[in-house]
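Asker: Prediction below, plus the sequence it came from.
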Amino acid sequence: MRKKYNQVFHHRRSTRLKGHDYASNGLYFVTICALNRECLFGTIDNGIMIHNHVGKRIEFCWREVPYHFQHALLHEFVVMPNHIHGIIEICANSHRPGKIQNTDNQFRSPSLTLGSIIRGFKSGVTQWARQNTSINHVWQRGYYDHIIRNRHAYYRIVNYINRNPERWMDDMFHPDV
């Protein structure tokens, strides 16, 4: 017997900023976690991330993002044992050959959003994992994002990303924390 739909129980709250256009120019700090925060991507040894084959593929797929989403530029990035952090810059005004420019931004393609970039990335990694490992589900649902609003915040986040492996034992995503 199927459970009756309960709007309160079944509704997931969005972590996205209400009213923000996630296809607009900007810098976005994203965190994407492995399913159940399982350490699927490698290990940390003396503050250095040692990628396994899945971690290496994640790094490869991340670096491929601009080839699939030409309006996306990548900044700092790190693969951790059970999550990744990265900064994506969206340049909505960049011209893509063969595409009609939408000057009024009234009907922007959903394929130009931060969400579409993350979905494409996660999908590529998952597809590879299913074909090459015994892992069928790599990622938890959704992702965390933070809109970077100024230079100070940008450099603080860059420092956080770069120092993340050496702080693994205190990381909120560490299995023992």
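Answerer: Thanks, I have the structure now.
Asker: CA atoms for contacts and neighbours, from now on please.
Answerer: OK.
Asker: Tell me where the model's unsure across this structure.
Answerer: Residues of the chain meeting the criterion pLDDT under 70: 1-23, 93-111.
Asker: next helix or strand past the helix ranked longest in it?
Answerer: Secondary structure of the chain per DSSP state H: the longest helix is helix 114-132. For helix 114-132, the succeeding helix or strand toward the C-terminus, using DSSP states H and E, is strand 144-148.
Asker: which residues sit against that next one?
Answerer: 15, 16, 26, 27, 28, 29, 30, 31, 32, 154 (C-alpha atoms under 8 Å, 6 or more residues apart in numbering).
Asker: now do 7 Å
Answerer: Contact partners of strand 144-148, identified using C-alpha atoms under 7 Å, 6 or more residues apart in numbering, comprise 27, 28, 29, 30, 31, 32, 154.
Asker: list the helices and strands the helix or strand following it packs on?
Answerer: Going down the chain from strand 144-148, the next helix or strand is helix 151-163, by DSSP H and E. Other elements packing on helix 151-163 under the criterion 3 or more C-alpha pairs under 7 Å, 6 or more residues apart in numbering; DSSP states H and E are strand 72-79.
Asker: Next, the angle from the strand it packs on to helix 114-132.
Answerer: Counting by axes from the mean of the first three to the mean of the last three C-alpha atoms, to 10 degrees, strand 72-79 lies at 50 degrees to helix 114-132.
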